[in-house]
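Trainee: Got a sequence here, can you build the structure:
(chains A, B, C, D, E and F)
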6 protein chains.
Amino acid sequence: MPVLHLTRKEHFNAAHRLWNPNWSDEKNYEEFGICANPHFHGHNFDLYVTVKGSPSADTGCIINLKELKDIIRKEIIEELDHKNLNMDVPWLSHCIPSIENMAVEIWKRLSAALPEGAVISKITLWETQNNFVEYYGE
Amino acid sequence: MPVLHLTRKEHFNAAHRLWNPNWSDEKNYEEFGICANPHFHGHNFDLYVTVKGSPSADTGCIINLKELKDIIRKEIIEELDHKNLNMDVPWLSHCIPSIENMAVEIWKRLSAALPEGAVISKITLWETQNNFVEYYGE
Amino acid sequence: MPVLHLTRKEHFNAAHRLWNPNWSDEKNYEEFGICANPHFHGHNFDLYVTVKGSPSADTGCIINLKELKDIIRKEIIEELDHKNLNMDVPWLSHCIPSIENMAVEIWKRLSAALPEGAVISKITLWETQNNFVEYYGE
Amino acid sequence: MPVLHLTRKEHFNAAHRLWNPNWSDEKNYEEFGICANPHFHGHNFDLYVTVKGSPSADTGCIINLKELKDIIRKEIIEELDHKNLNMDVPWLSHCIPSIENMAVEIWKRLSAALPEGAVISKITLWETQNNFVEYYGE
Amino acid sequence: MPVLHLTRKEHFNAAHRLWNPNWSDEKNYEEFGICANPHFHGHNFDLYVTVKGSPSADTGCIINLKELKDIIRKEIIEELDHKNLNMDVPWLSHCIPSIENMAVEIWKRLSAALPEGAVISKITLWETQNNFVEYYGE
Amino acid sequence: MPVLHLTRKEHFNAAHRLWNPNWSDEKNYEEFGICANPHFHGHNFDLYVTVKGSPSADTGCIINLKELKDIIRKEIIEELDHKNLNMDVPWLSHCIPSIENMAVEIWKRLSAALPEGAVISKITLWETQNNFVEYYGE
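Mentor: Here you go, the predicted model:
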């Protein structure tokens, strides 16, 4: 059976700030520059969730796309959209909300919520039109 | 010799419907939702064909891009553009025209038409701006 | 007070066919080419609705964007998404569903549904990534 | 002499919140919904500045594009990028930082900074991929 | 009868250089910067041609889009694609090939080639993803 | 530790020509078509540089994105932007400046310039909106 990768795109708008509370202000600004500005800044994040599998002989699809969309919206978009990623999201509170850390935590959270048989193969997270991160779960 | 992957994008506009003729109407609507609407709906499909190889010392290219374009247009675009994928395409008639099944059939059809030495490494098919499928031939 | 134009984008996927029932088949194919194919084709339509007004001193906004979105979705997207524009939409049944005619009918339908004070200034409708139509209500 | 409109695009990432301090919390949340969330959210804003004029016989251009870029970056981008629009920008502090109010203030600020003879004809400001505002200075 | 504006997008890839032969080298580099580099640079130009009119009662369209496409390709794209705009295009040889001058000349050339009744309302020419020019024929 | 891939996008505008000096004119035109036109043509190239690594516990990031941007701009963009790739770039002069050869040379040049610990995993180079090449360093 052929194996395919199906991707669904969603987006959310959020504020964040790169800041290490164990560092001095000076060291934070040196490392993070304007990304450390005290009153936060924000982005339109684009999230691509990729699942892999073989198309069902009954449906021609590897997963029901509407179900996938609903799970992403419930587990991720409703949690992050129009939020402050440093202050408002319990499952991000243990780490600096960089797109690297966000991608790893989104992978964990979605993996636990997807129905049996659905396997994530990649999380892609765009922060601006000029940079993004990819995580393959390894 | 370095190995590179070269991708050509083409697009086509087509109608389709997700529908399993072995199922009751009720089961079809439950599974496929509005994608099962009886009079079809349609999409602007974006097709990305990726071939791999080493650049020729004579040309700097791994394949003649115009040849690749001509083959994709003849074998795929002329077959699918402005067509009904459920009714008008003999090589899709044995399956539900989901993007998963389409990607697999496009791979087969292009593989048979490409000149010797040209190797497809990936077929990517976008159905809307929010979802797409990737197939690596495995 | 300054006057601004605010635009909301929505999209829908639909099938259609350009066909004049008063013409012979021959004349239809000559005029419309592959757009007249009998079993329909389809598109991912992008709809931009522009309203004009002055920002309220209380809100800074010329209209509540969520209200605008809800009206467009109820009046247009739910009516057209995953439908056959020639067969399934009563308010398009009197005309050929070209993007020109669709833009005019969308203008009329939205104008009647918007709250008092909200004034449409432009309807923009993209059919493919290469063509679109603009209507200013005149 | 022909008159043309030349547009330069820039972007910035910022946090904001829609909130009227003269209203109760309840009324704010009712009007602005999630856009009123207390710890801010943010966007990747795309700013298009359009100037009009006739091409110079000497240069073929209506304005030196590098000069225009430098003025936009100095007057707008450095002021807004990676900032909190409610707290960090003196020239926005008198109003709610909606894209409507931002477009009007950007127009004023750029008009005062452009060299004699350069005339702004339009400010376009995208907040998300689904909504934007246009201001023609009237 | 409603009036609509229909736009067709085409693109071409060309080399050019901003250079005034009546000026010293020094003055050219001061004015045009890297755009004056001696061995040319190039762009992927996106051309949007907008025509206005009322939809025909017979076709629902204001112009036959295939005819419009064919005229743009014959009159403009075949003339400019993969060319050097300073050296290879007779109808641009009297001016500096800035996008301003190009838009005016494209307007003239297309106006002369369009069938009676088809009226151009706007030429839009993108030079990079960050700048473009619009010409309304006045 | 999770491994992520971080990508930064930059762009440059350049002229080039596909031409093998060891071939006759006739053979060049037969192989390269309009890409061999004598006075060059050009493109807006989009370059995506992907590095891989694990996020630092201190910063949440796998590399300082500003450092990565500065290195790409110094080593690649300043070298290629507004240049003639056949004539102006010493490190491309030994080969035909196809996107295949460019991607390999960009990989080599960036690898030598990146700080210890930063590992490139992919170079992606778009030549037009319809074709691009990917190189994984193998």
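Trainee: what's the one residue in chain A that gets nearest to chain D sitting at in phi/psi?
Mentor: For chain A and chain D, the shortest gap (C-beta to the nearest C-beta) falls at residue A:42, measuring 0.6 Å. In this view, the C-beta of every residue, glycine as well, is placed from N, C-alpha and C. Backbone torsions for residue A:42, taken as degrees, to the nearest 10, come to phi -160, psi 170.
Trainee: what pairs with it across the strands?
Mentor: Legend: beta-bridge partners of residue A:42 under DSSP bridges are residue A:15.
Trainee: repeat for residue A:84
Mentor: What pairs with residue A:84, by the bridge criterion (DSSP bridges), is residue A:15.
Trainee: Chain C versus that one, what's the distance?
Mentor: 20 Å (C-beta to the nearest C-beta, to the nearest Å).
Trainee: Just want to check the distance between that residue and residue B:58.
Mentor: 57 Å (C-beta to C-beta, to the nearest Å).
Trainee: In terms of neighbours, single out the busier of these two.
Mentor: For residue A:84 versus residue B:58, neighbours defined as other C-beta atoms under 10 Å in any protein chain shown are more numerous around residue A:84 (23 against 12).
Trainee: In terms of pLDDT, where does the more buried one sit?
Mentor: At residue A:84, the model reports a pLDDT of 98.
Trainee: anything in stretch A:130-138 near chain B?
Mentor: No: applying C-beta under 8 Å from any C-beta of the partner chain, one finds stretch A:130-138 out of contact with chain B, separated by at least 13.0 Å.
Trainee: Can you give me the neighbour number for the residue of chain A closest to chain D?
Mentor: Residue A:42: 29 surrounding residues under other C-beta under 10 Å.
Trainee: So residue A:128 is in contact with residue D:43, correct?
Mentor: No: taking contacts as C-beta atoms under 8 Å, residue A:128 lies outside contact range of residue D:43: 10.6 Å.
Trainee: okay, and the common contacts of the two?
Mentor: Counting by C-beta atoms under 8 Å, 6 or more residues apart in numbering or on different chains, the contacts common to residue A:128 and residue D:43 are A:43, D:13.
Trainee: and the two? which has more neighbours close in?
Mentor: Between residue A:128 and residue D:43, counted using other C-beta under 10 Å, the more crowded position is residue D:43 (23 against 18).
Trainee: Doesn't residue A:133 belong to a strand?
Mentor: Yes: counting by DSSP: H, G, I helix; E, B strand; the rest coil, residue A:133 falls inside a strand.
Trainee: what are the bridge partners for it, then?
Mentor: For residue A:133, the beta-bridge assignment (DSSP bridges) gives partners residue A:125, residue F:6.
Trainee: pLDDT score assigned to it?
Mentor: pLDDT, residue A:133: 98.
Trainee: State the number of residues packed around it.
Mentor: Residue A:133, neighbours per other C-beta under 10 Å, totals 24.
Trainee: right, and it touches residue F:7 too?
Mentor: Yes: the pair residue A:133 and residue F:7 passes the contact test of C-beta under 8 Å, sitting 7.4 Å apart.
Trainee: Mind naming the longest helix for chain A?
Mentor: Ordering each helix of chain A by length in residues (DSSP state H) puts helix A:99-113 first.
Trainee: That one - contacts with which helices or strands?
Mentor: Contacts defined by 3 or more C-beta pairs under 8 Å, 6 or more residues apart in numbering or on different chains; DSSP states H and E place helix A:99-113 against strand A:41-53, helix A:65-72, strand A:119-128, strand A:131-135, strand F:4-16.
Trainee: report the angle between the axes of the last one and helix F:99-113?
Mentor: Translated: strand F:4-16. Angle, strand F:4-16 to helix F:99-113, by axes from the mean of the first three to the mean of the last three C-alpha atoms, to 10 degrees: 120 degrees.
Trainee: tell me which residues in strand F:4-16 are buried?
Mentor: Of all the residues in strand F:4-16, those buried under the rule 16 or more other C-beta atoms under 10 Å in any protein chain shown are F:4-16.
Trainee: Can you name the two of the residues you listed that sit furthest apart?
Mentor: Farthest-apart pair in those is F:4 and F:15; separation 36.2 Å (C-beta to C-beta).
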